[in-house]
Structure formats: C-alpha cells, structure tokens
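J.: Any chance you can model this:
(one chain, ligands or ions: 1)
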Amino acid sequence: ADPNNGTVPTPLTNYLDTQYFGEISIGSPAQMFNVVFDTGSANLWVPSQSCSPFSTACFTHNRYDSSQSHTHVENGTGFSINYASGTIRGFLSEDVVVVGGLPVVQVFAEATSLSAMPFIFAKFDGVLGMGYPNVAIDGITPVFDQIMSQHILKEEVFSIYYSRDPKHSPGGELLLGGTDPNYYTGNFNYLETREMGKWEVTMKGVAVGVEMMFCAEGCTAVIDTGSSYITGPASSVSMLMKTIGAQLDETGYKVNCETVKMLPSVTFHLGGQDYCLTHEDYIIWQSQFEGDVCIVTFRGLDVPPPTGPIWILGANFIARYYTEFDRRNNRIGFAAAV
Ligand SMILES: CC(C)(C)OC(=O)N[C@@H]1CNC[C@H](C(=O)N(Cc2cccc(Cl)c2Cl)C2CC2)C1
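T.: Just a heads-up that it's a prediction; the model follows:
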C-alpha cells in the first residue's frame, strides 16, 4: 500500500525568497543534487565530474561522476542551453534518477561548462525541468512524463508551494500527483494553458492600485517556478516602477524603505479572477549594516516575438498563490497560499 496514496512530496529549501530547490539523487549508489523544479524548462541537467577546470561555477557545486555509478548508461550526445541569464554546455547520459523516493531511468545532461554568471550565485546544483515535452531540448522525455508513464500517481498533476519567509520550514514543497491542503486555503481557480505544451495562460490586464495600466488588450503570462521575480516588457515595468517611485541600479529596482507601507498593490487579471500582490508580496526587505534595503521583485525583460511580449510570473507570485500544474487537463490552478 502506498503511504502517500498516489502522491509524492519533495520538501524544498527557500534561499532568500529567490531560489527554491529540492534534493534528488542520480546513480547507484546515490549521488545527491539540489535542483530547481523549473516549469519554464523541460530538461534535467547537473554539473559533471568531467567539468572544465576553468568553470568556477562547476567546482562550487556537486558534480555527477558516471564512473561511480553502476547503473550509468553512456550516451554522449552534445547538449547546450542558452538562458537569458547564462549558458550551459555538456553531453547526455542516462541513469536512475530518484525524485521523492520515486526511481525513473532518465536521460539527462552532464554540464561540463557553466557560465560564471549567474551560476556562481546559484545555491542549487542543477535544474529539473517540469515543462512539457515539446519544450525539451534534444527531444528528451522529461522526468515528470517518465513518472506519469508508470501510472502510480493519483492524478497527472504536480503542485508547488513556496514559503514567503526564509525562516519558515519547509521552505516549500513539490507534490507530484495532487495538491497539499496544508499549504492552501479556499478553492482553486483554473485557467486553460494558452498554447498546448507550455505552462502559460492568457492574462487580461495588469492594474496598479485600481488603475488598469498594462496588457489591457490581453497578453501572455508564463507561470515559471524557476524564475525568482516577476518580469514584464521593459517599457511597462519601467512605467510601473516610476509609479511606485522605484530607482533602478545595477542589481535591480529598489525603493526607499520608508515608503514601502504606502505602496499600491499590483493586480494580475487571470481567467476572470484578480490576483493581487501587496507590498508584502513584492518587496524583499533586507536589513544590511549600512541600513535597510528594499528590493522590488519586478524586472524588465523583453522577449522577442513570436514568443514575446510576455509577462513571467515567478517565485514571488507563486509564494502568494499555491499553484497546481495539471497535465491531464492542460490547465493551471491557483489557490491562496497559507
Ligand atoms: C528556452 C529554454 C532554454 C528552455 O529556456 C529556459 O530554460 N528558461 C528557464 C525558465 N525558468 C528560469 C530559468 C533560469 O533563469 N534559471 C537561472 C536562475 C534562476 C533563478 C536564480 C538563479 Cl541563481 C539562476 Cl542561475 C534556471 C535555474 C532555473 C530559465
């Protein structure tokens, strides 16, 4: 009998409200890795033991050593990902991957070069993409698809809880096969995924306070558990930041901490519902020795057509709204997070 009745939890660590990751193992005997469960991508990669000696980001992270695993299967096909934020290059291998105690035989990438930016800031070792197969590079079947084909999950869904405060424990939870009532209240509101095969929905507008300011004619919102912040078209975000009196410096937007209490809410109109973020949700208040710093968790990012222009709703949105990703019905559900 399955103690979890067809659901599989993985506790997540919350690093500074910007990186949420959980532990998986690869190989036999198990080699442990911390990975971001990223709905914005669909591949699994971890740093490789055969990393180039010049890749600093590799040596500060756990590395997979295929020579130490008796379930490793050679593949060797080349692999590379160009993120907006950095690049990784490597080659494919196959081995047993264990997520929440569930083993799957999985093709994944061993990264032999990781761009220093931004991976030297990463507390996690790698990325486990939770996106649809058609987003997967090299046409590799993603981990969640391999798990669904075992027909052991109660429902073909997974849900994500991100805590809002690094001091809470756990920092979050990935639940395969269902939703976890410990982490949400009220009912779910569902939105059909816009384009088959991506975790994105149609957004009907973005309001600041009571005033509709952006996306009034409709736009695309990507629900991306692997992004720290909310991003929108650079012009829209800079107008939004001007409205709340935020200044842009080399690390992002900041506001004077004295003004935080008076900041307006920002509301996202999704599927007939209003999803409101208050300053509590979109300001990260950091007390530093030279005084408090108040970071605004919005970034401008212009994604070129045909994909863009898009808004990306990342960790700070998900921390407020518990999210269910439903592969059976191709829809996303939101409920108020506890
Ligand atoms: C087109 C395609 C390549 C599939 O696009 C993507 O994969 N798009 C990914 C979408 N989700 C966020 C991913 C990302 O930016 N990072 C880097 C990152 C994020 C937060 C904090 C840190 Cl420190 C870092 Cl390094 C990966 C860790 C998830 C890119």
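J.: And the strands in the stretch 51-200 of the chain?
T.: 73-82, 87-99, 102-114, 126-129, 157-162, 172-176, 184-192, 200-208 (DSSP state E, counting those that start in this stretch).
J.: Tell me which of these sits nearest to residue 54.
T.: Among the strands of the stretch 51-200 of the chain, strand 102-114 comes nearest to residue 54, with 8.0 Å by Cβ to Cβ. In this view, the C-beta of every residue, glycine as well, is placed from N, C-alpha and C.
J.: the inter-axis angle of the closest one versus strand 172-176?
T.: 120 degrees (axes from the mean of the first three to the mean of the last three Cα atoms, to 10 degrees).
J.: closest point of this structure to the ligand, which residue?
T.: For the chain, the residue closest to the ligand is residue 40, as judged by Cβ to the nearest ligand atom, at 2.6 Å.
J.: For the residue lying closest to that residue once chain neighbours are set aside, which residues are in contact?
T.: Leaving aside its chain neighbours, residue 40 sits nearest to residue 224 (3.8 Å; criterion: Cβ to Cβ, 6 or more residues apart in numbering). For residue 224, the contact set (Cβ atoms under 8 Å, 6 or more residues apart in numbering) comprises 38, 39, 40, 199, 312, 313, 314.
J.: just residue 223 next, same as before
T.: Residues in contact with residue 223 (Cβ under 8 Å, 6+ apart) are 39, 199, 200, 201, 313, 317, 318, 323, 325, 332.
J.: Show me the beta-bridge partners of it.
T.: residue 313 (DSSP bridges).
J.: Regarding the nearest residue to residue 17 once chain neighbours are set aside, what is its secondary structure?
T.: Nearest residue to residue 17, sequence neighbours excluded (Cβ to Cβ, 6+ apart): residue 284, at 5.7 Å. Of the three states, residue 284 takes strand under DSSP: H, G, I helix; E, B strand; the rest coil.
J.: Pretty sure residue 284 sits against residue 298.
T.: No - checked against Cβ atoms under 8 Å, the pair residue 284 and residue 298 is beyond contact range at 11.2 Å.
J.: and those two? which has more neighbours close in?
T.: Applying other Cβ atoms under 10 Å to residue 284 and residue 298 shows that residue 298 carries more neighbours, namely 25 against 17.
J.: List the contacts of the closest residue to residue 327 other than its chain neighbours.
T.: Sequence neighbours aside, residue 156 is the residue nearest to residue 327 in space, at 4.8 Å (criterion: Cβ to Cβ, 6+ apart). Listed by Cβ under 8 Å, 6+ apart, the contact partners of residue 156 are 148, 326, 327, 328.
J.: Ramachandran angles for residue 156?
T.: The phi/psi pair for residue 156 (degrees, to the nearest 10) reads phi -80, psi 60.
J.: State the pLDDT value of it.
T.: Residue 156 carries a pLDDT score of 98 in this model.
J.: now do residue 183
T.: So residue 183 comes in at 97 (pLDDT).
J.: No more questions from me, cheers.
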